[in-house]
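Student: okay, here's the prediction I keep looking at, along with the sequence it came from:
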Protein chains: 2
Amino acid sequence: MADEDHPDLSVLSSAIGYHLRRAQLAVFQDFTACFAELDLRPAEFSVLTVISRNPGLKQGEVAALLDIQRANFVALMDRLERRGLAERRRSPTDRRSYGLWLTRSGAQVTQRMFDLWHAHEDRWVERLGGAGERDRLLDLLNRISTPE
Amino acid sequence: MADEDHPDLSVLSSAIGYHLRRAQLAVFQDFTACFAELDLRPAEFSVLTVISRNPGLKQGEVAALLDIQRANFVALMDRLERRGLAERRRSPTDRRSYGLWLTRSGAQVTQRMFDLWHAHEDRWVERLGGAGERDRLLDLLNRISTPE
DNA sequence: TGATACTGTTTTGCAATATAACAAAAGACC
DNA sequence: GGTCTTTTGTTATATTGCAAAACAGTATCA
């Protein structure tokens, strides 16, 4: 039992999932604030990143890489295309599929995006106590999210 | 640029938010599977936990503790009440507010819930490499989610 | 050729979350 | 005591993220 002013949260305070959710929320909120200037959501950030590093990848491949359902990926890509950041180009060998590419404007935005991202990321690294702590965190998170 | 079979995800692979999201998703999916037997979502788990440890807390207080909007808490609590797990009792001193309590049946379910939870949690601790690693992870996550 | 599998798409539903507005009640202040 | 403000639970509504089913066009393969 807890006293009046300081409720007992001890069970939750040792729950991995509970803390993962809170941390993820904090980082995503900061992300949204940082990228308000470019009006980019986390999912769009990751899509632009993948396309910029791997131009020409098929739509379904990008979706699978990011664990996004093909069906949900459509509207996401529609928006990037409507904003002139990325485009679908018909595959010359497979008329069902599209390759995804950045537009010239999309490449510029992506460059600015990476700059913003480094600033965002650096702040969190500092808060964690340095790159070493960041690596430790990523290692632990990978043990959780890597299958098997 | 990346080769065909192994797309370059290096930028994302060092992104804290990206890995937080993936880890949180993995843990929550496992949570859902573990608690299918009791048909409890993560939010309901946390509410039952708080009420069981702090019976009589006001509805708004529980919501605030868990960072749940008062408005969204209503339906959540409605469901727990409809299932006979928890109940609202009018405060004797403030006719606007309710104190939240577990029912007898709710207390039993909560006990079973904690058992399931320990099994769920232990699996993840083992996967992390022991309680020491778990504590290290929680410490890092707290540095992220704790304000300032 | 014909059966089967893949690709992008549409539609739909559910759950989580956020905001605005409201009535009832409490508290503050003169 | 009577007004003004704040709190509490609630309703309604919109948005977002995510998942499943079904479909048409296309490729693959026996």
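Tutor: Yes, it's here.

Student: ok, the longest helix that chain A contains near chain B or not?
Tutor: Determined from DSSP state H, the single longest helix within chain A is helix A:104-128. Yes. Taking Cβ under 8 Å from any Cβ of the partner chain as the criterion, helix A:104-128 and chain B are in contact, through A:114, A:117, A:121, A:124, A:125, A:127, A:128. (C-beta placed from N, C-alpha, C; glycine too.)

Student: is any residue of the worst-scoring helix or strand of chain A on mean pLDDT near chain B?
Tutor: When the helices and strands of chain A are scored by mean pLDDT, DSSP states H and E, helix A:10-13 comes last with a mean of 84. Yes. Part of helix A:10-13 sits close enough to chain B to count as contact by Cβ under 8 Å from any Cβ, namely A:10, A:11, A:12.

Student: buried ones among the residues you listed?
Tutor: When neighbours are counted using 16 or more other Cβ atoms under 10 Å in any protein chain shown, the residues of helix A:10-13 next to chain B contain these buried positions: A:11, A:12.

Student: now render the residues of helix A:10-13 next to chain B as TSV, adding distance to residue B:109.
Tutor: Formatted as TSV, the entries for those read as follows, by distance: Cβ to Cβ, whole Å:
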residue	distance to residue B:109
A:10	20
A:11	15
A:12	17
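
Student: of the residues of helix A:10-13 next to chain B, closest to DNA strand D?
Tutor: Taking Cβ to the nearest atom of the strand as the measure, DNA strand D sits nearest to residue A:12 out of these, at 19.8 Å.

Student: per-residue pLDDT, the residue nearest to that closest one when sequence neighbours are not counted?
Tutor: In space, and not counting its chain neighbours, residue A:12 is closest to residue A:18: 5.0 Å by Cβ to Cβ, 6 or more residues apart in numbering or on different chains. On the pLDDT scale, residue A:18 is placed at 94.

Student: from residue A:145, how far off is residue A:18?
Tutor: 17 Å (Cβ to Cβ, to the nearest Å).

Student: the two: which is more packed in?
Tutor: residue A:18 (24 against 18; other Cβ atoms under 10 Å in any protein chain shown).

Student: what helix or strand is the more buried one on?
Tutor: helix A:16-34 (DSSP states H and E).
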